[in-house]
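Trainee: could you look at this predicted model? Sequence included:
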Amino acid sequence: MSSMRGENRLHGMSKVKNISRFTAKILCTVVLVWFILLGFGITGKADEKKNPDEVEIYCVTEEAAEVLGEVPAEKPQSFQISTEGLEGTPSYRIVSGSNVTVSATGLVEPRKTVWYWKGGFGSTAPIDGYDRIETQYYPGAALVRVTCGDYTHDIPVTVIELGNQYVNNRIQTIFEECTAGKTDDLEKFRAFTKWVGDNTVYNYRYQSWQDMLLFEGGDCWASTNLIVELSKMAGIDARINIDYQNQSSGSGHRDAIAKIGDTYYIGEAGYGYTTKPRGSSVYELPGGWYVSNIDEETTGVWQYCGFDEELIVPETVRGKTLTKFGAGNYLMFYNDWTTSVRLPETVTSVTKRAFYGSDNLTTVYIPTSVTEFAEGTWFGGNITDIYYAGSKGMWNRISNVGTLDLSGAVTIHYNSPHPTYAGYLPFTDLPRYKNNGDEYWQYEPIRFAYETGIISGDEDKDGDGLTTVRPNATISRAEFVTILYRMAGSPDVSGLSPFTDVKINRNGTKPFYYDPVVWANQQHLVDGYADGTFGRKKELTRAEAVTILKRYAEMKGWDVSQQGDLSGFTDYSSLKEGKAKPHWSLPYMKWAVGAGIISGIEEKDGSGNTVYRLGMNGKATRAQISKMLMSFLEMYQ
């Protein structure tokens, strides 16, 4: 019995082992099948290799096919996205690019626009009796996404139009041929222009550089476009020059203009010959201006072809003084980059359409030299601001100003010159001209004081470069001696202030007026008051100003012997000249008048006559001090 049970147990164990081996084989087979299924993408798991990582599809326009032939059979003209074996409903969409279309079944094709032509008119809608059809393709890259269940795949698609591929390869070859061994940009520009003139003919049907390379011909627009494209490849700033006003070239003519260094050059290969070579030329266009000479010394300009956005028109063009701006019925500009124009102070006449042609031109600066607008002149549809260097009264006296066509959107700013005008000052509260054309007396002294650093404007809070100078504001005693201290070269100062209101700050720093006041006192230019103060905040009087100036001249060892006759001033009696106790400022006022430092304050008497007073006790304004200092420095330096 026991032996039998043992055999049965051994036999049972053998069966278990056999079953285990069988199970293992099944499991291995299942795993192997699983991996095979994964490898072939037959499961619902996403298979990124079902569709290619990138696709190229080809097309050709009818015109390009005439030269290059149809798309070869081995080059696909469409691509079918595959969703075979996937579960779910597939969807397709274009993620980026506008070069292709994709159908509801996943067929990707080049996007195209069909044009129907009849004579010179083209339409994307069929035209009865059309004489030709043109298909427009859009070469470039797009990204198409397919989604089906948990499968998502992005397919980059590149559309290649055979004509486009051909001309891109050809222009690269031409570029390398023209630039070989050349380092100078002008040499390259000449080579590009010459190649066009030597290797293409005139054909009115073609206007683009691509067509010119494909058909070896085109009109002046095509020639210009090819020269400009080659120049851009070389890093040369070249643009299309619309030469409508050049009557020798015919209406609508174009050529290329390049700025090389500071010089403009015209590249011309648009000659209307139908045989090769048809010729070319490159010539300088000084300043980018076409001119119309007036006489031996003066000239006018009738078209600007340069690249300046903020155009400052020069006073001389080709060695002659520029007096006329514009050419009557012609536009001055044919660009979209000029935003402002500043006329020079030599221009006297402005013609019709002088500010037309640039859609972005918004600002014009007019000098006081302009005496005439051509009758019916207007300033252009987009201009918003006209800055006139003179007063409103002066503007209204310009000939034909009443015929100007200025819309309500245009604002005229008077007494507002361009910053490059002579004598420009950035002060909004200092007009230069009165309505009668006379200059305000304050202007020149403030200009002198500002340019020599004697005074400065207030803080430019909004950062626009403009500020105020407050010409009629008074000046303090501390401010005045500070000006003189700087005029003396800001010498080193030793010793302490004897005045109770001129002290070093608690933190050990000195206020701006500390050293100037100490220096002025040590040089005997100023005294204090009986109460021990200097009176640093007190407003300076005219008498105090000339007194300090005379003492400054004496300190410098300059001649102060001048003596003026004061009897003609309306306040002369208050000086008490010849009296026992004359006014303390009498000798200083006589010196100041004799030396031309002051000339009196202009006023009108009861009869309307112009009279002058010394105003010695009056508070000195910033403008008055500027005038005194200008006269003082002109006298002694």
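Mentor: Perfect, thanks for sending it.

Trainee: pretty sure P314 contacts P344?
Mentor: Yes. The criterion here is Cβ atoms under 8 Å, and P314 meets it with P344 at 6.4 Å. Any C-beta I mention is one placed from the backbone N, CA and C, and that applies to glycine too.

Trainee: common neighbours of these two, please.
Mentor: L322 (Cβ atoms under 8 Å, 6 or more residues apart in numbering).

Trainee: the two: who's more crowded?
Mentor: P344 (21 against 15; other Cβ atoms under 10 Å).

Trainee: residue contacts, the more buried one?
Mentor: I312, V313, P314, E315, L322, P367, S369.

Trainee: mind redoing it with 10 Å?
Mentor: The contact partners of P344, taken as Cβ atoms under 10 Å, 6 or more residues apart in numbering, are 312-317, 321-323, 325, 365, 367, 369, 418, 420-421.

Trainee: K259 now?
Mentor: D185, I236, D237, A238, R239, Y265, L285, G288, G306, F307, D308.

Trainee: helices along the stretch 1-150 of the chain, start to end?
Mentor: Listed in chain order, the helices of the stretch 1-150 of the chain (DSSP state H, counting those that start in this stretch) span 2-40, 62-68.

Trainee: any idea which of those scores lowest on pLDDT?
Mentor: Looking at the helices of the stretch 1-150 of the chain, the lowest mean pLDDT belongs to helix 2-40 (a mean of 41).

Trainee: picking that back up, which of the contacts of K259 lies closest to L162?
Mentor: A238 (28.2 Å; Cβ to Cβ).

Trainee: next one: the helix or strand containing that closest one to chain centre, how far?
Mentor: A238 belongs to strand 237-242 when assigned by DSSP states H and E. Using Cα atoms, centre = their mean, to the nearest Å, the mean C-alpha position of strand 237-242 is found 18 Å from that of the whole chain.

Trainee: buried sites along it?
Mentor: A238, R239, I240, N241, I242 (16 or more other Cβ atoms under 10 Å).

Trainee: one more: stretch 115-123?
Mentor: Buried, per 16+ other Cβ under 10 Å, within stretch 115-123: Y116.

Trainee: now stretch 429-445
Mentor: For stretch 429-445, using 16+ other Cβ under 10 Å, the buried residues are L430, P431, R432, Y433, Y440, Q442, Y443, E444, P445.

Trainee: identify the farthest-apart pair in these.
Mentor: Y433 and P445 (15.6 Å).

Trainee: re the thing from before, if any of the contacts of P344 are buried, give me the PyMOL selection for them.
Mentor: Selection of buried members from the contacts of P344 for PyMOL, criterion 16+ other Cβ under 10 Å:
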select buried, resi 313+317+321+322+323+325+365+367+418+421
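
Trainee: tell me the contacts of V481?
Mentor: Listed by Cβ under 10 Å, 6+ apart, the contact set of V481 reads 513, 515-521, 523, 525-526, 534, 536, 540, 548, 552.

Trainee: gap between the two ends of stretch 240-260?
Mentor: Using Cα to Cα, to the nearest Å, the end-to-end distance of stretch 240-260 comes to 15 Å.

Trainee: show me the helices in the protein, by range?
Mentor: 2-40, 62-68, 162-179, 185-199, 209-215, 220-233, 392-396, 443-451, 477-487, 514-522, 542-556, 586-594, 622-636 (DSSP state H).

Trainee: extract the C-alpha trace of the second one and format it as CSV.
Mentor: To tie it back to what came earlier, the one meant is helix 62-68. The C-alpha coordinates for helix 62-68 follow below in CSV (Å, rounded to 0.1, in the frame of the first residue of the first chain):
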residue,chain,number,x,y,z
GLU,A,62,0.8,76.5,-65.5
GLU,A,63,3.4,79.1,-66.4
ALA,A,64,6.2,77.3,-64.6
ALA,A,65,5.1,74.0,-66.4
GLU,A,66,5.7,75.7,-69.7
VAL,A,67,9.4,76.0,-68.8
LEU,A,68,10.0,73.1,-66.4
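
Trainee: and Q523, how close does it get to T467?
Mentor: Q523 is 32 Å from T467, where distance means Cβ to Cβ, to the nearest Å.

Trainee: equivalent analysis for R111, please.
Mentor: For R111 relative to T467 (Cβ to Cβ), the value is 58 Å.

Trainee: now swap in A354 and tell me
Mentor: According to Cβ to Cβ, A354 stands 32 Å off from T467.

Trainee: over to L540?
Mentor: L540 is 23 Å from T467, by Cβ to Cβ.

Trainee: the more surrounded of these two?
Mentor: The neighbour count for L540 versus T467, taken as other Cβ under 10 Å, is higher for L540 (22 against 18).

Trainee: check contacts around the more buried one.
Mentor: Counting by Cβ under 10 Å, 6+ apart, L540 makes contact with 474-481, 548, 619-621, 624-625.

Trainee: ok, 8 Å please
Mentor: L540 neighbours (Cβ under 8 Å, 6+ apart): T474, I475, S476, R477, E479, F480, K619, A620, I625.

Trainee: V347 too?
Mentor: Residues in contact with V347 (Cβ under 8 Å, 6+ apart) are V313, L322, T323, K324, F325, P367, S369, V370.

Trainee: kindly recompute the last result at 7 Å.
Mentor: L322, T323, F325, P367, S369, V370 (Cβ atoms under 7 Å, 6 or more residues apart in numbering).

Trainee: ok, P156 next?
Mentor: Taking Cβ under 7 Å, 6+ apart, one finds E54, A141, L143 in contact with P156.

Trainee: looking at the residues you listed, state which has the most neighbours.
Mentor: When neighbours are counted by other Cβ under 10 Å, L143 leads these with 15 neighbours.

Trainee: find the nearest non-adjacent residue to D527, please.
Mentor: Spatial nearest neighbour of D527, excluding adjacent residues (Cβ to Cβ, 6 or more residues apart in numbering): N521 at 7.5 Å.

Trainee: ignore the last one, Y166
Mentor: Here the residue nearest Y166, using Cβ to Cβ, 6+ apart, is L68, at 6.0 Å.

Trainee: separation between the one you found and Q165?
Mentor: 9 Å.

Trainee: how about S280?
Mentor: 27 Å.

Trainee: neighbour count: those two, which is higher?
Mentor: For S280 versus Q165, neighbours defined as other Cβ under 10 Å are more numerous around S280 (20 against 15).

Trainee: which ones are touching the more buried one?
Mentor: For S280, the contacting residues are T193, K194, V196, G197, E268, A269, by Cβ under 7 Å, 6+ apart.

Trainee: at 10 Å what do you get?
Mentor: Contact partners of S280, counting by Cβ under 10 Å, 6+ apart, are 190, 192-198, 223, 227, 267-271.

Trainee: same question for K75.
Mentor: So K75 contacts E56, I57, Y58, C59, V60, I160, L162 (Cβ under 10 Å, 6+ apart).

Trainee: of the residues you listed, select the buried ones using a ChimeraX command.
Mentor: In ChimeraX syntax, the buried subset of those is picked out as below (16+ other Cβ under 10 Å):
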select :57,58,59,60,160,162
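
Trainee: save the contacts of K75 as a markdown table, and put in pLDDT and distance to N335 too.
Mentor: A markdown table is the format used below for the contacts of K75 (pLDDT from 0 to 100; distance: Cβ to Cβ, whole Å):
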| residue | pLDDT | distance to N335 |
| --- | --- | --- |
| E56 | 97 | 39 |
| I57 | 97 | 39 |
| Y58 | 98 | 38 |
| C59 | 97 | 35 |
| V60 | 96 | 36 |
| I160 | 97 | 35 |
| L162 | 96 | 35 |
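
Trainee: lowest confidence element among the helices and strands of this structure?
Mentor: helix 2-40 (a mean of 41; mean pLDDT, DSSP states H and E).

Trainee: this completes my enquiry, with thanks.
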